[in-house]
Each structure stands twice: as C-alpha cells, then as structure tokens.
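Q: Let me see the structure of the following:
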Amino acid sequence: MQKETIERIRKFTEDRDWDQFHSPENLAKSIVIEAAELLECFQWDNEKFDIQHVKEELADVMVYCQNLLDKLDLDADEIVNAKMERNEAKYPVEKAKGVATKYDKL
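A: Prediction:
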C-alpha cells in the first residue's frame, strides 16, 4: 500500500481512539470475519457477483491487516518477501507449473 493510504488508516484509528481495541487477537478475529464476508460475495454464484461489494470487503480485510502489521511492528514488504522466498523454494517452477499439488506431494 502507498504510504499515504497507510497513514490514512492510522489516522482513522487514532482519531477514533480505537487502538485500545486492537489487540493482535481482536485484529486477527476481525481479519477472519471480514474474509468470510468477502467469501460470502461468491457464495451462490462465482460468476455473477457485485464487484463493488467485493472491493469493500477486500478493503476491510486489508485495513485490518495493516492494523495488525502496526500492532506487531511488522513491515508488509519484509514479511511478504520472506514468505515468497519460502514459497519459491517449496514450489519450484519445474515441478509446480500448471498443477495445484501441495508442495509435499510434488
């Protein structure tokens, strides 16, 4: 996310004094709840969905993820790149390309 967007999320939380409610556990719960609401967008039809509703629910997930990053003093780029390195090692292109097989079965 762009720095301005991250700062806007932080200001929104700060202006409302909501950090007091943002324990790691509460934020993790909120991520799961919002992710379930995102999934609900596709519940009965994965082709005819309301893209605006999808964008709103996805934004909610991302905002809570940023709040959790802040709470745990984590850097999104750092943790995503570290995970991508592990994924690239577990799923080498020559074995994983075009298949959905779990890494331990490749």
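Q: Now stretch 87-96: average pLDDT?
A: Computed over stretch 87-96, the mean pLDDT rounds to 95.
Q: okay, how far is it across that stretch, tip to tip?
A: Stretch 87-96 has an end-to-end distance of 11 Å (C-alpha to C-alpha, to the nearest Å).
Q: And stretch 36-52, by the same measure?
A: Distance between the two ends of stretch 36-52: 16 Å, counting by C-alpha to C-alpha.
Q: dump the residue contacts of Glu34.
A: 57, 60-61, 64 (C-beta atoms under 8 Å, 6 or more residues apart in numbering). Every residue, glycine included, has its C-beta placed from N, CA and C.
Q: Just flag the most distant two among these.
A: Using C-beta to C-beta, the pair of the contacts of Glu34 lying farthest apart is Glu57 and Tyr64, separated by 11.1 Å.
Q: higher neighbour count, the two?
A: Per other C-beta atoms under 10 Å, whichever of Glu57 and Tyr64 has more neighbours is Tyr64, with 22 against 19.
Q: quick one: secondary structure of that one?
A: What DSSP: H, G, I helix; E, B strand; the rest coil gives for Tyr64 is helix.
Q: That one and Leu106, how far apart?
A: Distance of Tyr64 to Leu106, computed by C-beta to C-beta, to the nearest Å: 33 Å.
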